[in-house]
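> what follows is a predicted structure for the sequence shown.
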Amino acid sequence: MPYPQRLTPEERLADAKELLSLPRIVVICGSTRFMAEMNEADVRETKAGKIVVKPGYDMKSPHELGSDPVETAALKVRLDDLHRSKIRLADEVLVVGDYMGDSTRAEITYARSLGKPVRFTHPEVDPDT
C-alpha cells in the first residue's frame, strides 16, 4: 500500500494561506536608504489589496539600538534572518530603489531559489537582466 507523500512546510503554508483566503503577501526588499520609497510602495501595494511586510528598522539612521557596535552587529544578523523569514512567508517580492547592495542581491537570490516572483520598481537593477 503506497503511503501519501508528505507535504513540505512551504506546501503546508501555501495550503493554509489558501484555506484562510488570505490576500497575496508581498515583501518589500531594498536598501534602507529607500525607506521613504518603501513606505510609498507599501501604500500602493496595500491599496491593491495585498498584505505588505517590509523592513521595520533602518540601521543607517541614528537610534539607541545602534549605540553599541557589538550589539549592532548581532542585531544585523537577527534582522537579516527575520527578513529571510518574511521572504519565506511572502508570495512575491518587490525590490524598491535604483541601487542594490550585497544584502538586497542576496535577498533576491534567496527569493528566486524559493521560486518567489520578484518585481522591481527599477527593473534595470535586476541582477538577472
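Sure thing, it's come through.
> and the gap between the closest residue to residue 112 other than its chain neighbours and residue 27?
Distances taken as CB to CB, 6 or more residues apart in numbering put residue 118 closest to residue 112, at 6.2 Å, once the chain neighbours are dropped. From N, CA and C alone the C-beta is placed, and that goes for glycine too. In this structure, residue 118 lies at 10 Å from residue 27, with CB to CB, to the nearest Å as the measure.
> more neighbours, the two?
Counting neighbours by other CB atoms under 10 Å for residue 118 and for residue 27 shows that residue 27 has the greater number, 26 against 18.
> check contacts around that one.
The neighbourhood of residue 27, defined by CB atoms under 8 Å, 6 or more residues apart in numbering, consists of 52, 53, 54, 83, 86, 87, 89, 90, 92, 93, 94, 111.
> now do 6 Å
Residue 27 makes contact with 53, 86, 87, 90, 93, according to CB atoms under 6 Å, 6 or more residues apart in numbering.
> below-threshold pLDDT in the protein: ranges please.
Scanning the chain with the threshold set as pLDDT under 70 gives 1, 61-67.
> picking up where we left off before, wait, the residue nearest to residue 112 sits on residue 109?
No - Residue 118 lies out of contact with residue 109 (CB atoms under 6 Å); the separation is 9.7 Å.
> who's the residue nearest to residue 112 bridged to?
In this structure, residue 118 bridges to residue 93 when assessed by DSSP bridges.
> residues contacting it?
Taking CB under 6 Å, 6+ apart as the definition of contact, the neighbours of residue 118 are 93, 108, 111.
> go again with 10 Å.
Contacts here follow CB atoms under 10 Å, 6 or more residues apart in numbering; on that basis residue 118 touches 29, 87, 92-95, 107-109, 111-112, 126-128.
> looking at this, residue 6 is in a helix?
No - secondary structure of residue 6, determined by DSSP: H, G, I helix; E, B strand; the rest coil: coil, with no helix assignment.
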